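Participant: fold the following for me, if possible:
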Amino acid sequence: MTDLDFRQDTAYAPAGPHTTNLADILERVLDKGIVIAGDIKIDLLDIELLTIRLRLFVASVDTAKKAGIDWWETDPALSSHAARNALQDENRELRARLDALESQASEPKQSSPSRN
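Facilitator: Prediction:
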């Protein structure tokens, strides 16, 4: 077999359609992120009644953090850590208000001079 014959035997054949499964597509979307944006406008006789602006960002947690999005970490409804912090803050505030009220109640009351 000559060198020419060898090259012809191993020639690159064009590939058929490349197939990807749903898991591959989902991994790519979550890794890179995808933004879907749209506006819904309801008009009646050229009078704007309602406008809804929709913005959807689909990404993994790591990709979202890289984009500066981390609101779920501070929302008490979504994070047990944030919920604990919110309860601690509320407890601290209530104790401060209670201390202020107790200090006001314990101060001796000065009677105002009576006018005769």
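
Participant: for residue 27, grab the count of nearby residues.
Facilitator: Using other CB atoms under 10 Å, residue 27 has 13 neighbouring residues. In short, each C-beta sits where N, CA and C put it, glycine included.

Participant: name the element it belongs to?
Facilitator: Assessed by DSSP states H and E, residue 27 sits inside helix 22-32.

Participant: and that helix, what's buried?
Facilitator: Across helix 22-32, burial judged by 16 or more other CB atoms under 10 Å covers residue 30.

Participant: list the buried ones in the helix or strand following it?
Facilitator: Once the chain leaves helix 22-32, the next helix or strand it forms, by DSSP H and E, is strand 34-44. By 16+ other CB under 10 Å, strand 34-44 has no buried positions at all.

Participant: centre of the chain to strand 34-44, how far?
Facilitator: Put simply, strand 34-44 sits 20 Å off its chain's centre (CA atoms, centre = their mean, to the nearest Å).

Participant: same check, this time on stretch 57-74
Facilitator: Taking CA atoms, centre = their mean, one finds stretch 57-74 lying 5 Å from the centre of the chain it belongs to.

Participant: other residues contacting it?
Facilitator: Contacts to stretch 57-74, defined as CB atoms under 8 Å, 6 or more residues apart in numbering, come from residues 29-36, 78-79, 81-82.

Participant: quick one: end-to-end length of it, please.
Facilitator: Chord length of stretch 57-74, first to last residue, is 18 Å (CA to CA, to the nearest Å).

Participant: now that stretch: buried residues?
Facilitator: Those would be 59, 63-64, for stretch 57-74 by 16+ other CB under 10 Å.

Participant: using the three-state scheme, assign residue 98.
Facilitator: Using DSSP: H, G, I helix; E, B strand; the rest coil, the secondary structure recorded for residue 98 is helix.

Participant: so where is the chain shaky, pLDDT-wise?
Facilitator: 1-18, 82-83, 109-116 (pLDDT under 70).
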